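**Q** any chance you can model this:
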Amino acid sequence: MSKSTGSGASDVQFWRDYENVLVKYQVNPQHFQWHVKWCQQFIKFIGTLPLSDCQPAHVSAFLENLKSDKEIKGWQYSQARTALWYLFRDHVKIPWALKDVGNRGVSPEAPAKTASLSSTHQATLKKMRSTLIGRQYAKRTIAAYLDWASRFLRYFPHRKIVDLDAASVRTYLTDLAEKHHVGVNTQKQALNALVFLFQESEGISLGDFSDFTRSKKPIKVPVVLSRDEVSALLTAMAPPYSLMLNLLYGGGMRLMEMIRLRIKDVDFAQGQIVIRDGKGRKDRITLLPECCREPLKLQIEEARRIHAEDLSQAYGEVWLPSALSKKYPGAARDWRWQYVFPASRLSVDPESGKVRRHHFDESTVQSVIREVARKIGLSKTVSPHTLRHSFATHLLESGYDIRTVQELLGHADVSTTMIYTHVLNRPGIGVRSPLDKV
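**A** This is a model prediction of the structure:
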């Protein structure tokens, strides 16, 4: 029980129960963490006052502070107000919130979807969430799978999960392709989520249902920068972004693989970087570019300095998957397990409630790349993944075999890597435009 709230608001179970409220009202699972953060900000705002003693005036004062903050956008204000609405009315169930919150400044705008899932479907989602957590799925995967499961269950609002079968899944997936025109990867993610729901969470075998209408996969050529364009982009970057982009391009890393890189996985002796728990939950080894050695050593020294300061202030515990935290009890405070690119400030872990230093914000890297690409006049749409495309393309141009590139990229199937062979069919190799002959 939390002394500051009198409601157990510092307990993991308290926030899990709050997330179950969000499931009930069909809040997008990808937004759960933000609803929790707004509530935690409010708890910090009220200090030692228990949640049970809060009055509408406290909520109004908190929201007024948000409204006066120029950095808070309108949608963020609305999200915070909605988060507190669910906290007081549906979770803590304070009497004044249950009676008339609409005229007290807490009520959110009416949700676009008012029909909630049945209690049976809510129980199904709750069970699926527990199973996903138990299987140690990534947070983003958990959010995505729960979202697809809730959409599927809303598609059959009057049928229990035990009454649904392969035909139901086939119908839903076909509807996604024919009516909603979703992309092939979107449909594939929905398929994976539903297979998990039935076979892993509910223990219901689906059998063969492969005859659903499949989304057509468009043939797209990846955006690739020339070597000169890459050089111009990297030169224009300031630290620490210059190092980040060098790793993305020099090692073919995905953005989140670079952001989540831990100190222990940088091997200077072997000149390599170990990617842990990459896409598909696979480990792999990629290149450590020679030009990144010294900047990376300096960045690791800075990360160790920040970690030492956190330890001196009774913090310094980094997030670890539950299995690892049990297997290596002291690892969370060990400098070797810290992120190479730590966040600039401490934050509250929405699951455990612990104050930790997370990794660098990936959205910041994305926006910086877009802005710098615009400033230096690149006409192509540039993202962090563009550097990964360029890495693969330039290796193939240099004569490296496709299997080697496949391993460095971590592709399960060589056909995925084959898309980069478009560089071998450049205009000018054996073919000349008839216009040039005029």
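**Q** strands of the stretch 251-400 of the chain, residue ranges please.
**A** Using DSSP state E, counting those that start in this stretch, the strands of the stretch 251-400 of the chain run over residues 266-267, 272-275, 284-287, 347-348, 355-356.
**Q** which among those strands is found nearest to E71?
**A** With CB to CB, the closest approach to E71 among these belongs to strand 347-348: 16.1 Å. Where you see a C-beta, it was placed from the backbone N, CA and C, and this is true even at glycine.
**Q** now that closest one: mean pLDDT?
**A** Averaged over strand 347-348, pLDDT sits at 76.
**Q** look at the residue most central in space within the chain and tell me its secondary structure.
**A** Per CA atoms, centre = their mean, the C-alpha nearest to the average position across the chain is that of R140, at 4.6 Å. When classified by DSSP: H, G, I helix; E, B strand; the rest coil, R140 comes out as helix.
**Q** coming back round to it: out of the strands of the stretch 251-400 of the chain, deepest packed?
**A** Of the strands of the stretch 251-400 of the chain, the one with the most neighbours on average (mean count of other CB atoms under 10 Å) is strand 272-275, at a mean of 20.
**Q** who does that one pair up with?
**A** In the sheet, strand 272-275 lines up against strand 266-267 (antiparallel), strand 284-287 (antiparallel) (DSSP bridges).
**Q** quick check, distance from that strand to the centre of its chain.
**A** Between the centre of strand 272-275 and the centre of its chain there are 21 Å (CA atoms, centre = their mean, to the nearest Å).
**Q** who are the packing partners of the longest helix seen in the chain?
**A** With DSSP state H setting the assignment, residue counts place helix 293-312 as the longest helix in the chain. Packing partners of helix 293-312 (3 or more CB pairs under 8 Å, 6 or more residues apart in numbering; DSSP states H and E): helix 241-251.
**Q** and the helix it packs on, what's its mean pLDDT?
**A** 95.
**Q** list the buried ones in it?
**A** Judged by neighbour count using 16 or more other CB atoms under 10 Å, the buried positions of helix 241-251 are 241-251.
**Q** ok, now stretch 315-322?
**A** Counting neighbours by 16+ other CB under 10 Å, one finds that the buried residues in stretch 315-322 are 315-320.
**Q** among those, which pair sits farthest apart?
**A** Every pair of the buried residues of stretch 315-322 checked by CB to CB; the farthest is Y315 and L320, at 14.9 Å.
**Q** the helices in the stretch 101-250 of the chain, which residues?
**A** Assigned by DSSP state H, counting those that start in this stretch, the helices in the stretch 101-250 of the chain fall at 119-134, 139-155, 166-178, 184-195, 227-235, 241-251.
**Q** would TSV of these with distance to C291 be doable?
**A** Formatted as TSV, the helices of the stretch 101-250 of the chain follow (distance: least, CB to CB, whole Å):
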stretch	distance to C291
helix 119-134	41
helix 139-155	32
helix 166-178	46
helix 184-195	34
helix 227-235	10
helix 241-251	7
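**Q** how far away is S60 from L66?
**A** 11 Å (CB to CB, to the nearest Å).
**Q** compare those two (neighbour count), which wins?
**A** Neighbour comparison, S60 and L66: the larger count goes to L66, with 17 against 13 (by other CB atoms under 10 Å).
**Q** so that one sits right up against A80, yeah?
**A** Yes: the pair L66 / A80 is scored as a contact, 5.8 Å apart, by CB atoms under 8 Å.
**Q** neighbours of L84, how many?
**A** Neighbours of L84 under the rule other CB under 10 Å: 26.
**Q** ok, it - contacts?
**A** By CB atoms under 8 Å, 6 or more residues apart in numbering, the contact list for L84 reads 38-39, 42, 59, 62-63, 106.
**Q** remind me which residues of the stretch 201-350 of the chain are low pLDDT?
**A** 218-219, 322, 350 (pLDDT under 70).
**Q** sorry, back to before: okay, the buried residues of stretch 315-322 in TSV with distance to V223 next?
**A** Rendered in TSV, the data for these read as follows (distance: CB to CB, whole Å):
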residue	distance to V223
Y315	41
G316	40
E317	40
V318	34
W319	33
L320	35
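**Q** ok, so of these, who is nearest I275?
**A** Of all those, I275 sits closest to L320, with 16.8 Å by CB to CB.
**Q** what does that closest one show for phi and psi?
**A** phi -130, psi 150 (degrees, to the nearest 10).
**Q** which one is it nearest to, not counting chain neighbours?
**A** A332 (5.3 Å; CB to CB, 6 or more residues apart in numbering).
**Q** now do the contacts for that neighbour.
**A** Counting by CB under 8 Å, 6+ apart, A332 touches 317-320, 325.
**Q** now, which of the residues you listed sits nearest Y25?
**A** W319 (27.6 Å).
**Q** confidence score at the nearest residue to that closest one once chain neighbours are set aside?
**A** Nearest residue to W319 in three dimensions, chain neighbours excluded: R356, at 5.9 Å (CB to CB, 6+ apart). Looking at R356, its pLDDT stands at 85.
**Q** quick check: R356 touching A343?
**A** No: the pair R356 / A343 is not scored as a contact, 9.0 Å apart, by CB under 8 Å.
**Q** state the phi and psi torsions of the nearest residue to E290 once chain neighbours are set aside.
**A** The spatial neighbour of E290 that comes closest, neighbours along the chain excluded (CB to CB, 6+ apart), is G271 at 7.5 Å. Main-chain torsions, G271, degrees, to the nearest 10: phi 70, psi 40.
**Q** and G271, how many neighbours?
**A** When counting by other CB under 10 Å, one arrives at 11 neighbours for G271.
**Q** that one against I285, yeah?
**A** No: using CB under 8 Å, G271 is not in contact with I285, being 10.3 Å away.
**Q** now do stretch 290-301: distance to the chain's middle.
**A** Its chain's average C-alpha position is 27 Å from that of stretch 290-301, according to CA atoms, centre = their mean.
**Q** same question, stretch 155-171
**A** With CA atoms, centre = their mean as the basis, stretch 155-171 stands 29 Å off its chain's centre.
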